[in-house]
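In: pasting the sequence and the predicted model now:
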Amino acid sequence: KVLQKIYYLTKEREVLSEAIDAHKKAALNFTKGELPAHAAESYWNIAQLQGQKGEYQVASQNYESASQAYNQATKKTPQLKEFYTNYSSYMQAWNQIEQAKYSHSIEEYSKAKEHYKKSAEIHESTEQWSYLVPNYFAWASVEEAENLSRKENTQQAKQTFQNALDQFGKAEESFKQKLEEI
């Protein structure tokens, strides 16, 4: 965590790599020690840092590892099953988001759209993160509009971008409502 904070202050990429390595060692030790919830947190940190580096596929894999570790934690600590199940789902949603980012980066917009839609569907299945659903449907619309634009279907692309803008407005309202609940 200290290395992460140093990176946020300095933006030195080598510090980011050191932080990833430290979290990898922690994940391995937590796994060996049969502490899956702690391993999941380490994988989650790794995924976030790799996402910052633009390593979307590797980040996606680490979100998947975090999800699996949270699933293992439900067996080890059944009294926290609902809590860990929700976090497992949240990690699956982020797995899809990182895949969407990767697909976008290689201009496979229809694949990115599908990943964002899947993320929205996963978020919708959770009570805790269902307020994020409009945001990821909006991103799916952006990807659809990008796809239409690349195919030079400008009128439909314009309408789809406008639809995405409207969906981002709904997402903003959803965020505000969630903040009021907190």
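Out: Yes, it's here.
In: which ones are touching the spatially most central residue of the chain?
Out: The centroid of the chain falls nearest to W94 when counting by Cα atoms, centre = their mean (2.2 Å). Applying Cβ atoms under 8 Å, 6 or more residues apart in numbering, one finds that W94 lies in contact with 47, 63, 119. C-beta here means a position set from N, CA and C on the backbone, and glycine is covered the same way.
In: how close does the last one get to I97?
Out: With distances defined as Cβ to Cβ, to the nearest Å, the gap from S119 to I97 amounts to 5 Å.
In: narrow the contacts of W94 to those in strands?
Out: Here DSSP state E is the test, and these give no hits in strands at all.
In: can you list those in a markdown table and add pLDDT, neighbour count and distance to A26?
Out: Output for the contacts of W94, formatted as a markdown table (pLDDT from 0 to 100; neighbours: other Cβ atoms under 10 Å; distance: Cβ to Cβ, whole Å):
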| residue | pLDDT | neighbour count | distance to A26 |
| --- | --- | --- | --- |
| A47 | 98 | 27 | 14 |
| Y63 | 98 | 27 | 16 |
| S119 | 98 | 26 | 26 |
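In: for the host helix or strand of S60, which positions count as buried?
Out: Assigned by DSSP states H and E, S60 belongs to helix 56-76. Neighbour-count burial for helix 56-76 flags 56, 58-74 (criterion: 16 or more other Cβ atoms under 10 Å).
In: and stretch 105-122, by the same measure?
Out: For stretch 105-122, a neighbour-count test (16+ other Cβ under 10 Å) marks 108-109, 111-120, 122 as buried.
In: so which residues make contact with that stretch?
Out: 54, 56, 89-90, 92-94, 96-97, 99-101, 103-104, 132-137, 139-141, 143-144, 146-147, 150.
In: now do the helices in this structure.
Out: Using DSSP state H, the helices of the chain run over 2-10, 13-32, 36-52, 56-76, 81-105, 109-124, 133-150, 154-181.
In: how far off centre is the third one?
Out: Right, the one you point to is helix 36-52. Chain-centre distance of helix 36-52: 11 Å, with Cα atoms, centre = their mean, to the nearest Å.
In: could you give the angle of the lowest-mean-pLDDT helix or strand in the chain to helix 13-32?
Out: Within the chain, no helix or strand scores below helix 2-10, which has a mean of 87 by mean pLDDT, DSSP states H and E. With axes from the mean of the first three to the mean of the last three Cα atoms, to 10 degrees defining the directions, helix 2-10 sits at 160 degrees from helix 13-32.
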